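Peer 1: Prediction below, plus the sequence it came from.
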Amino acid sequence: MKQSPILEPQSEPKHRPGLCLVFGASGYIGSHLVPRLLDEGIPVRASSRNRAVLEARDWPGIELVEADALQPASLDAALSGVETAYYLVHSMGAGKDFGRLDLEAAANFAAAAQRVGVHRILYLGGLVPENADSEHIVSRRDTGQVLRQGEVPVIELRAGIIVGPGSAAFEVMRDLVYHLPVMITPRWVRSKSPPLALDNLLMYLVRLPQMDAAKGCTFDAGGAETLTYEQMMRILAEVGGKRPPLIIPVPVLSPRLSSYWLRLITAVPTNIARALIEGLKHDFSADDAELRRLVPQQLLGFRDAVAAVFAAERASEPVVARWIEGAFAVRNRRIDYAYYAKRSGGSAETQASPAAVWKVVSAIGGADGYYYMNGLWQLRELIDWMAGGPGHGHARRHPTDLRVGDRIDSWKVLGLEPERRLSLAFGMRAPGAGLLEFELQPRAQGGTRVTVTAYWHPAGVWGLLYWYAFEPVHKFLFSGTAEAICRHAEQRG
């Protein structure tokens, strides 16, 4: 998201930062912080455990590195020459024992930053209510303490709910609001929090490292108002043009119990959503007077922040060439389709060259069909045709040649990179939006690794049920397809 024009002019910072490392650049905050730093003219090095995810962002003029805080040997190169290191990672997606992993990762990072002479670390944590006992909240608090045990000065920014596309808490609320007309909820819907707009958070993240007064300090960050989660969901529905859901709080449904049915309600990764929900029994508040003094800006109210989210999504690129988490074009430009995707895939390896494999991939849907379990593909197309969809109604333009925009049965070629990747948009009638990608990777010892991955952005409960109904088939279909492509490439070779 671009900087909002309503933000007030800033006072001249004490100094201009040198090279910044965004550690966790592929995540929600990192993927928005990198372009904001670039807009400010600040040199950036972006880090992720998977370099390919960063390459998909196509950011100009930045250095990409692959590093993992749980792999200490990978950290020194990532941190070398860095003045400010943004620490934006957490381990909630790992499920059980994520708290221990968070502390281990923070200790490794602090030690490496000290070894290579990083000037400062900016850690984005979470607001900490009194008597906090949720593992998620305690872990975020203790991570800051572990980072401060090193010699590198740490600026800790503690924020609550971030209102922006991809924020786990925001996306849980979006999924609930758009797809449940009636909600029987635990009492946590009456808990309070000061939601903070993404633009406001990014301004804090950019400015704080430039201020000597922020060195070694911990700041709370809150938005313009404090609301209950029930109020937030009602406002979110109104801004999205949907009738607010009927919310019925009941005393017997605890946050822990309610977290167990999240898998059937939201596409937000279950481990992350569960950790968030279990911490919602607390009221959150932000003592942000000092932060507002250091970085004065007009804070957006929740209604304006939600409107900014939807406006930013609608103004995004109308076309993308491959799958990127949350890409609005992949979600059929629907604000009610889940930001996070369900995914399933399989891979295989062959001695055939990428060029030979590409000839097979680019001919998919032609004379040899889909190379594996063609009857299943045809059955699905028949069901789609019977439901009023396109089914098998589109022959290929050419037996082997492909162009962006071509039709292959119900699929549409969204993007292609010869000998590297083919992306097909799902075109059948279904509650959601999907993408199928074929990726070719040269192996160091020769040959090619073929990966077939399906991504699905569900439209609410029906979209999730649709995905789970086909999930058992996906488990062997895509692995079998990858293996069949490899065999065809070897036979043709």
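Peer 2: In hand now; what should we look at? Numbering: from 1, shown residues only.
Peer 1: now the helix or strand where Val53 lies: how far from the chain's centre is it?
Peer 2: Following DSSP states H and E, the helix or strand that holds Val53 is helix 51-55. What separates the centre of helix 51-55 from the centre of its chain is 13 Å, taken as Cα atoms, centre = their mean, to the nearest Å.
Peer 1: So what touches that helix?
Peer 2: Ala25, Ser26, Ala46, Ser48, Leu64, Val65, Glu66 (Cβ atoms under 8 Å, 6 or more residues apart in numbering). The C-beta positions use only the backbone N, C-alpha and C, and glycine is treated the same way.
Peer 1: okay, His282: pLDDT?
Peer 2: His282 is assigned a pLDDT of 79 by the prediction.
Peer 1: show me what contacts the nearest residue to it once chain neighbours are set aside?
Peer 2: The spatial neighbour of His282 that comes closest, neighbours along the chain excluded (Cβ to Cβ, 6 or more residues apart in numbering), is Pro129 at 4.0 Å. Pro129 makes contact with Ile137, His282, Asp283, Phe284, Ser285 under the criterion Cβ under 8 Å, 6+ apart.
Peer 1: Show the buried residues in these.
Peer 2: The neighbour-count criterion (16 or more other Cβ atoms under 10 Å) marks Ile137, His282, Phe284, Ser285 among the contacts of Pro129 as buried.
Peer 1: Let's see which of those residues end up in helices.
Peer 2: Here DSSP state H is the test, and the buried ones among the contacts of Pro129 give Ile137 as lying in helices.
Peer 1: Can you give the distance from the host helix or strand of Leu464 to the centre of its chain?
Peer 2: Taking DSSP H and E as the definition, one finds Leu464 inside helix 460-492. With Cα atoms, centre = their mean as the basis, the distance from the averaged C-alpha position of helix 460-492 to the chain average is 23 Å.
Peer 1: if we can go back for a sec, in JSON lines, list the buried ones among the contacts of Pro129 along with distance to Leu440.
Peer 2: JSON lines is the format used below for these (distance: Cβ to Cβ, whole Å):
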{"residue": "Ile137", "distance to Leu440": "43"}
{"residue": "His282", "distance to Leu440": "48"}
{"residue": "Phe284", "distance to Leu440": "47"}
{"residue": "Ser285", "distance to Leu440": "52"}
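Peer 1: among the buried ones among the contacts of Pro129, which two are most distant?
Peer 2: Comparing every pair within the buried ones among the contacts of Pro129 by Cβ to Cβ identifies Ile137 and Ser285 as the most remote, at 13.4 Å.
Peer 1: All the helices of the stretch 251-400 of the chain, residue numbers only.
Peer 2: In chain order, the stretch 251-400 of the chain shows helices spanning 255-259, 270-278, 289-294, 302-314, 354-361, 374-386, with DSSP state H, counting those that start in this stretch as the criterion.
Peer 1: Out of those, which gets nearest to His179?
Peer 2: Relative to His179, the nearest member of these by Cβ to Cβ is helix 270-278, separated by 14.4 Å.
Peer 1: What's the mean pLDDT across that closest one?
Peer 2: For helix 270-278, the per-residue pLDDT values average out at 73.
Peer 1: now the angle between helix 374-386 and the helix holding Leu464, please.
Peer 2: Relative orientation of helix 460-492 with respect to helix 374-386: 140 degrees, computed using axes from the mean of the first three to the mean of the last three Cα atoms, to 10 degrees.
Peer 1: Renumber starting at 36 from here on
Peer 2: Yes, from this point I'll number from 36; that puts the last item at helix 495-527.
Peer 1: Hmm, Tyr121 is touching Tyr239, no?
Peer 2: No: between Tyr121 and Tyr239 there is no contact, the gap being 11.7 Å when judged by Cβ atoms under 8 Å.
Peer 1: So for these two, which residue has more residues nearby?
Peer 2: It is Tyr121, of Tyr121 and Tyr239, that has more neighbours when counted by other Cβ atoms under 10 Å, with 30 against 23.
Peer 1: which residues does that one bridge with?
Peer 2: Beta-bridge partners for Tyr121, by DSSP bridges, are Val57, Leu157.
Peer 1: likewise Val198?
Peer 2: Going by DSSP bridges, Val198 forms beta bridges with Ala232.
Peer 1: Now for it: which residues touch it?
Peer 2: The contact partners of Val198, by Cβ under 8 Å, 6+ apart, come to Phe205, Pro230, Leu231, Ala232, Leu233, Gly258, Leu335, Phe337, Ala340, Val341, Ala343, Val344.
Peer 1: Would you mind listing where the stretch 86-235 of the chain has pLDDT under the threshold?
Peer 2: Of all residues in the stretch 86-235 of the chain, those with pLDDT under 70 make up the ranges 126-132, 221-223.
Peer 1: what about the helices in it?
Peer 2: Assignment of helices within the stretch 86-235 of the chain using DSSP H, counting those that start in this stretch yields the ranges 86-90, 110-114, 133-151, 170-183, 203-214, 233-242.
Peer 1: Convert the C-alpha atoms of the longest one to PDB, please.
Peer 2: Right, the one you point to is helix 133-151. Extracted C-alpha coordinates of helix 133-151, given in PDB (Å, rounded to 0.1, in the frame of the first residue of the first chain):
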ATOM      1  CA  PHE A 133       6.200 -22.500  18.600                       C
ATOM      2  CA  GLY A 134       7.000 -20.500  21.700                       C
ATOM      3  CA  ARG A 135      10.200 -22.300  22.300                       C
ATOM      4  CA  LEU A 136      11.100 -22.000  18.600                       C
ATOM      5  CA  ASP A 137      10.500 -18.200  18.700                       C
ATOM      6  CA  LEU A 138      13.000 -17.800  21.600                       C
ATOM      7  CA  GLU A 139      15.600 -20.000  20.000                       C
ATOM      8  CA  ALA A 140      15.300 -18.000  16.700                       C
ATOM      9  CA  ALA A 141      15.600 -14.700  18.600                       C
ATOM     10  CA  ALA A 142      18.700 -15.800  20.500                       C
ATOM     11  CA  ASN A 143      20.400 -16.900  17.200                       C
ATOM     12  CA  PHE A 144      19.500 -13.600  15.500                       C
ATOM     13  CA  ALA A 145      20.700 -11.400  18.400                       C
ATOM     14  CA  ALA A 146      24.000 -13.300  18.500                       C
ATOM     15  CA  ALA A 147      24.600 -13.000  14.800                       C
ATOM     16  CA  ALA A 148      23.700  -9.300  14.800                       C
ATOM     17  CA  GLN A 149      26.300  -8.800  17.500                       C
ATOM     18  CA  ARG A 150      29.000 -10.700  15.700                       C
ATOM     19  CA  VAL A 151      28.700  -8.800  12.400                       C
END
